[in-house]
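In: Below are the sequence and a predicted model; questions follow.
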Amino acid sequence: MSEKQKTKRLTRLSWIKCAFDTLYEDGIEQVRVERLAKKLKVTKGSFYWHFKDRSELLEALIEYWNEEMTKTVLQNAEMFHGDPQKRIVSTLTYIVSNERTKYDPAVRAWANHDPKAKKYVEKVDKLRLTFLIALFSDAGFDPEESEIRARMLYYYVLGEAYVTRKESRAVRLRRIENKARIFIAPS
């Protein structure tokens, strides 16, 4: 297959996914057109067919993070109807099963040095917390306690992305019911 044929099959999403993996593995500094082209085994020209410049790729990258790691979780949660504890179990199960926090440490490290990324992360945090606050509110907690519980659960889930990589997915999944029970327990 010629280089030209390979380039034709490459999509904008292919570039974004490659950039996302590179961000995760090596940091935002390594998300460079030339490096991505080499990983994808295409010319840099393919990149410019899909993106105006690296800035446009980075914007698409942060949008992809929001779509894949936040909106898919919220959409999944909306499809599940049941009591709040079961909804929390369902949401946590989806997050762990689909590794929806895997990329958060890399995205947040990027946001520490990039004002646009930081603003986007803050927007995503607000969206995620709003969802969790509503879950705890549905469970009958007052607004302040709903927010506190939502933040505790959110920070716990994010913390797992940083510190429990050695813990298997199976162990994390097995513990979800207990976690949900603890977070929803009456005060």
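Out: Looks like it arrived, so ask away. Remember, it's a predicted structure, so these values are computed and weren't measured experimentally.

In: Now do the contacts for the residue most central in space within the chain.
Out: Geometric centre of the chain, nearest residue: residue 69, 2.9 Å, by Cα atoms, centre = their mean. Taking Cβ atoms under 8 Å, 6 or more residues apart in numbering, we find residue 69 in contact with 100, 101, 103, 104. Placement of C-beta: from N, CA and C, glycine included.

In: does the nearest residue to the second one once chain neighbours are set aside belong to a helix or a strand, and which?
Out: Once its chain neighbours are removed from consideration, residue 101 has its nearest residue in residue 161; the separation is 3.8 Å (Cβ to Cβ, 6 or more residues apart in numbering). Taking DSSP states H and E as the criterion, the element that holds residue 161 is helix 143-163.

In: how distant is the helix or strand just after that helix from the center of its chain?
Out: Under the assignment DSSP H and E, the closest C-terminal helix or strand after helix 143-163 is helix 169-174. Its chain's C-alpha centre lies 19 Å from the corresponding centre of helix 169-174 when counted by Cα atoms, centre = their mean, to the nearest Å.

In: Give me the contact list for helix 169-174.
Out: 93, 96, 97, 99, 160, 164.

In: Would you confirm that the second one contacts residue 175?
Out: No: counting by Cβ atoms under 8 Å, residue 175 is not a contact partner of residue 96; they are 9.3 Å apart.

In: So for these two, which sits in the more crowded spot?
Out: When residue 96 is set against residue 175 and neighbours are counted by other Cβ atoms under 10 Å, the residue ahead is residue 96, at 20 against 14.

In: roughly how far apart are the more buried one and residue 60?
Out: Residue 96 sits 26 Å away from residue 60 when distances are taken as Cβ to Cβ, to the nearest Å.

In: try residue 177
Out: Residue 177 is 37 Å from residue 60, by Cβ to Cβ.

In: out of these two, which sits in the more crowded spot?
Out: Taking neighbours as other Cβ under 10 Å, residue 177 and residue 60 compare with residue 60 leading, 18 against 15.

In: Counting by contacts, list what the host helix or strand of the more buried one packs against.
Out: With secondary structure defined by DSSP H and E, residue 60 is part of helix 54-66. Helix 54-66 sits against helix 12-26, helix 115-138, with contacts defined as 3 or more Cβ pairs under 8 Å, 6 or more residues apart in numbering; DSSP states H and E.

In: With respect to residue 148, which of those lies nearest?
Out: Checking the helices and strands packed on helix 54-66 against residue 148 by Cβ to Cβ gives helix 115-138 as the closest, at 8.6 Å.

In: Now residue 58: closest residue in space, sequence neighbours ignored.
Out: With Cβ to Cβ, 6+ apart, the residue lying closest to residue 58 is residue 31, at 7.0 Å.

In: Contacts only, for the one you found.
Out: Here residue 31 is in contact with 19, 22, 23, 54, 57, 58, 61 (criterion: Cβ under 8 Å, 6+ apart).
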